[in-house]
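Engineer: Sequence and computational prediction follow.
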Amino acid sequence: MTRHFNFCAGPAALPTAVLERAREELLDYQGRGLSVMEMSHRSPEFVAIARRAEADLRELLAIPDNYRVLFLQGGASLQFAMVPMNLLGRGGAANFLHTGIWAKKAIAEAKRLGYPVHLAASGEANGHTRVPSQAEIVLSDDAAYLHYTANETIGGLAFDYIPEARRPDGSKVPLVCDMSSSILSGPLDVSRFGLIYAGAQKNVGPAGLTLVIVREDLLGQAVAGTPTLFDYRALADADSMVNTPPTFAWYLAGLVFQWLKHDIGGLEAMADINARKAEALYAAIDASGFYSNPIAGPNRSRMNVPFVLGDERHDKAFLAEAEAAGLLNLKGHRSVGGMRASLYNAVPASGVRALIDFMGDFARRHA
């Protein structure tokens, strides 16, 4: 069997060690004679899996005790609706930073549901090539929270700072962040956020699971009529088991947390690995004279590196030759074109080196 290098933006690469462990336990989990996929979510065995996963995640991110961790379904896109449903029950407006396609989708969903929306800052004028500075962020007087996307997966734009969320009078509001494509890529001060959410299929595990980390004082504020399965309070009270959760995805996420702790050595070590991978690829792009990336240096994503060829007529050949070389899923998102290499935690440095070598050879032959 040959494992190729997978640069997909999601569902993304999973650590080989995690896949091997899951394979070993697939038919018979720890001598129980059945798979995790076949277990009752309320069985002692699965409850132990769930508790271990949460404990490991709390340790990795140093999550304070006054935060609840939810393991949910629906993907990050469902959170575009669930966040305003849960945080606007006491009135006020949802405030947003517009930095690209995923931020735009979150804004559109809140508007579609009829909630008051205020655009606190936008990068549209600069083509989303840099994030708004703190000085450019102006919240509404009635801001209930400020939402931003830490890393725009499609555009390859990342915040290099954590925004301050204050109304014009100086009063603070909760900071809400979509961290789908950056969570667990390095250390994080969770205490600076009111709520963090992330789809699992980048750095956490397989598609089908969504993490929500929410400060306890924000529970119980849902808009009247919010469905039970959308209510953070109900979900937290039931330990994310109001209904049957995505058990196998939860189990695999737990294995990823253990891999990060024991194989990698924690999130500081992971951040160093990710920095070196991204810096090497950006350096190759910048020095090539054949490839280019439009994002301002401080806001270049370490997770998603979009780039274009000097002549788009070479795009098809680039993708075909890359796949033949075992470099998979490099086609850019359909909305922007070009190429994109996603360098999530499970993408090894050897894969990035192989990509750089291929890009250099391709450029020499097609310049």
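Structural biologist: On my side now, so go ahead.

Engineer: Which parts of the stretch 201-350 of the chain are strands?
Structural biologist: Assigned by DSSP state E, counting those that start in this stretch, the stretch 201-350 of the chain shows strands spanning 210-215, 291-292, 304-309, 327-328, 339-342.

Engineer: As a markdown table, those with mean neighbour count would be great.
Structural biologist: For every residue, glycine as well, the C-beta is placed using N, CA and C. Below are the strands of the stretch 201-350 of the chain laid out as a markdown table (neighbours: other CB atoms under 10 Å):
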| stretch | mean neighbour count |
| --- | --- |
| strand 210-215 | 23 |
| strand 291-292 | 18 |
| strand 304-309 | 23 |
| strand 327-328 | 19 |
| strand 339-342 | 24 |
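
Engineer: need the ones you listed in TSV with distance to Val173 and mean pLDDT, can you?
Structural biologist: Listed next are those as TSV, based on distance: least, CB to CB, whole Å; pLDDT from 0 to 100:
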stretch	distance to Val173	mean pLDDT
strand 210-215	12	98
strand 291-292	38	97
strand 304-309	29	97
strand 327-328	42	98
strand 339-342	32	98
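
Engineer: now for the ones you listed, which one comes closest to Thr244?
Structural biologist: Between Thr244 and the strands of the stretch 201-350 of the chain, the tightest spacing by CB to CB is seen for strand 210-215, at 15.0 Å.

Engineer: in this structure, what spans have low per-residue confidence?
Structural biologist: Counting by pLDDT under 70, the chain has low-confidence residues at 1.

Engineer: sorry, back to before: could you dump the strands of the stretch 201-350 of the chain into TSV and include distance to Gly127?
Structural biologist: Output for the strands of the stretch 201-350 of the chain, formatted as TSV (distance: least, CB to CB, whole Å):
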stretch	distance to Gly127
strand 210-215	30
strand 291-292	14
strand 304-309	13
strand 327-328	28
strand 339-342	17
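
Engineer: so which of those strands comes closest to Arg21?
Structural biologist: Taking these one by one with CB to CB, strand 210-215 is closest: 20.4 Å.

Engineer: Tally up the residues packed near Ser24, please.
Structural biologist: One thing to correct before we go on: residue 24 is Glu, not Ser. Residues near Glu24, counting by other CB atoms under 10 Å, number 10.

Engineer: What is the helix or strand hosting Arg353 packed up against?
Structural biologist: Using DSSP states H and E, the element containing Arg353 is helix 349-366. Judged by 3 or more CB pairs under 8 Å, 6 or more residues apart in numbering; DSSP states H and E, the packing partners of helix 349-366 are strand 5-6, helix 267-288, helix 315-324, strand 327-328.

Engineer: Same question for the longest one: list its buried residues.
Structural biologist: Along helix 267-288, the positions that meet the burial threshold by neighbour count (16 or more other CB atoms under 10 Å) are 267, 270-271, 273-274, 277-278, 280-282, 284-285, 288.

Engineer: how far is that helix from where the chain is centred?
Structural biologist: How far helix 267-288 lies from its chain's middle: 18 Å, per CA atoms, centre = their mean, to the nearest Å.

Engineer: list the contacts for Ala13?
Structural biologist: If a contact means CB atoms under 8 Å, 6 or more residues apart in numbering, then Ala13 has Phe5, Asn6, Phe7, Tyr344, Ala346, Val347 as its contacts.

Engineer: With Val176 instead?
Structural biologist: Per CB under 8 Å, 6+ apart, neighbours of Val176: Val83, Leu87, Tyr145, Leu146, His147, Tyr148, Phe193, Gly194, Leu195, Ile196, Tyr197.
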